[in-house]
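**Q** Here is a sequence together with a model predicted from it:
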Amino acid sequence: AKTLGARLVFTSRSPRLRWKAFRVSWLRLLDEHWIVFPQFVTGGLSSFERLKVRLTPNYVVRHLDTLFTPSNPDERGPWLAAHGLRERGYTVFVPGGRGEAHAGAVDPTSLFIAAADEYARTTAQTSVVLTGRAQPVRPAGASERLLLLPRVRPEDVQHLLAGAARVVCNGGTTMIHALAHGQEIVCAPLATDQARRIRRAARLGVVVAADPDAGAIARAAAELVADPARGSAMRRQAADLGLVNGVDEAVAALQRLARAAYATYSLQEA
C-alpha cells in the first residue's frame, strides 16, 4: 500500500502500541502517529522518542486528548426523551467493553448494575446502566429508578455522557470522554492498567476514585449528590485541563493525507 502511494496513520493508547509506532521499521512506514489520551495519562515524548522524530522528518506525531462523535444538543434531547430521560436528571453507569461476562473474572456489568441499584435506592436518583448486552436482565426486586440499556450506537453513548448529572465509569476511554464533556466522575479500576490512570486523575481533582466494589462505587456517587459544591469544583478542574475532542483535527489531517495520496496516485497513472 505504501509503495502505491497510500498514507498510513497509526493510533496508540497503550505504552505497548506506542512503543511499536516508534520502532525504526515503522518510522519509515508511518506518515502520522496519533497518541490518543491526554498527556497527564501518556506523558510527553521521551528524549529518545524526540530524537527519533528529529531524525525522521516525514514522521508526524499528534497528541489528541480523545476522539469521539460529538453530541449534538438538537439530537441529544429527543434521544434522551425517547428513553424517558432528561438532561442532568440521571446518573449514568458505564462499565465499558461489550458488557458480556468473562469466565473466571468479575463481570463489570453485573458489578455496575448492583452499584447503580444501590445508588438509586440511597439517593432516589435515576440511575442508567449502559450494559452493552443485547438483552439486559433486570435483577429481581431492583429499584424502579434503575434503567438498564442494551447496546447502543457510539454516538448515543456520547448523548448519555453529555446529558448526565454525573458519570460512573472505569478508568479507560470513557473516563477521558466524560472529562472532555466536563462531567463530575466516579471511577473504579476494572483492568490492570486503569488504577494508575485513575490515581493520576484523582490527584488532579477531576475524578473520585472508588474501589471496584458495588457498595464503594454507590457510596462515592451518593457523596457527590450530597455535596454539590464538590461536583462543581470537579467540573471546573476538568475545564481547566482544557481537554479537547480531537475529531476535527483528525478529520482535517486525514483530508490532507488523502489529497496527497491522490496526487501521488495521479502522477503514477500519468
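**A** Alright, I've got the coordinates.

**Q** What ranges does the stretch 101-250 of the chain have for its helices?
**A** Using DSSP state H, counting those that start in this stretch, the helices assigned to the stretch 101-250 of the chain run over residues 108-123, 154-163, 173-180, 194-203, 214-226, 228-241, 247-269.

**Q** Buried deepest among those helices, which one?
**A** helix 173-180 (a mean of 24; mean count of other C-beta atoms under 10 Å). Every C-beta, even on glycine, is put in place using the N, C-alpha and C of the backbone.

**Q** That one: how far from the chain's middle?
**A** How far helix 173-180 lies from its chain's middle: 4 Å, per C-alpha atoms, centre = their mean, to the nearest Å.

**Q** what comes into contact with it?
**A** 13, 37-38, 41, 65-66, 68, 94, 96, 157-158, 161, 167, 169, 185, 187, 197-198, 201, 206-207, 238, 241, 243-245 (C-beta atoms under 8 Å, 6 or more residues apart in numbering).

**Q** and that helix, what's its mean pLDDT?
**A** Averaging pLDDT along helix 173-180 yields 94.

**Q** now it and helix 154-163, what's the angle there?
**A** Per axes from the mean of the first three to the mean of the last three C-alpha atoms, to 10 degrees, the angle that helix 173-180 makes with helix 154-163 is 50 degrees.

**Q** that older thread, which among the helices of the stretch 101-250 of the chain is found nearest to residue 140?
**A** helix 108-123 (10.8 Å; C-beta to C-beta).

**Q** Using PDB, write out every CA atom in the closest one.
**A** Output of helix 108-123 as PDB, limited to C-alpha atoms (Å, rounded to 0.1, in the frame of the first residue of the first chain):
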ATOM      1  CA  PRO A 108     -18.100  -5.500  35.200                       C
ATOM      2  CA  THR A 109     -21.700  -5.100  34.000                       C
ATOM      3  CA  SER A 110     -23.100  -7.000  36.900                       C
ATOM      4  CA  LEU A 111     -20.900  -5.000  39.300                       C
ATOM      5  CA  PHE A 112     -22.200  -1.700  37.900                       C
ATOM      6  CA  ILE A 113     -25.800  -2.800  37.900                       C
ATOM      7  CA  ALA A 114     -25.500  -3.700  41.600                       C
ATOM      8  CA  ALA A 115     -23.800  -0.300  42.300                       C
ATOM      9  CA  ALA A 116     -26.400   1.600  40.300                       C
ATOM     10  CA  ASP A 117     -29.300  -0.200  42.100                       C
ATOM     11  CA  GLU A 118     -27.800   0.600  45.500                       C
ATOM     12  CA  TYR A 119     -27.200   4.200  44.400                       C
ATOM     13  CA  ALA A 120     -30.800   4.600  43.200                       C
ATOM     14  CA  ARG A 121     -32.100   3.300  46.500                       C
ATOM     15  CA  THR A 122     -29.800   5.500  48.600                       C
ATOM     16  CA  THR A 123     -30.400   8.800  46.700                       C
END
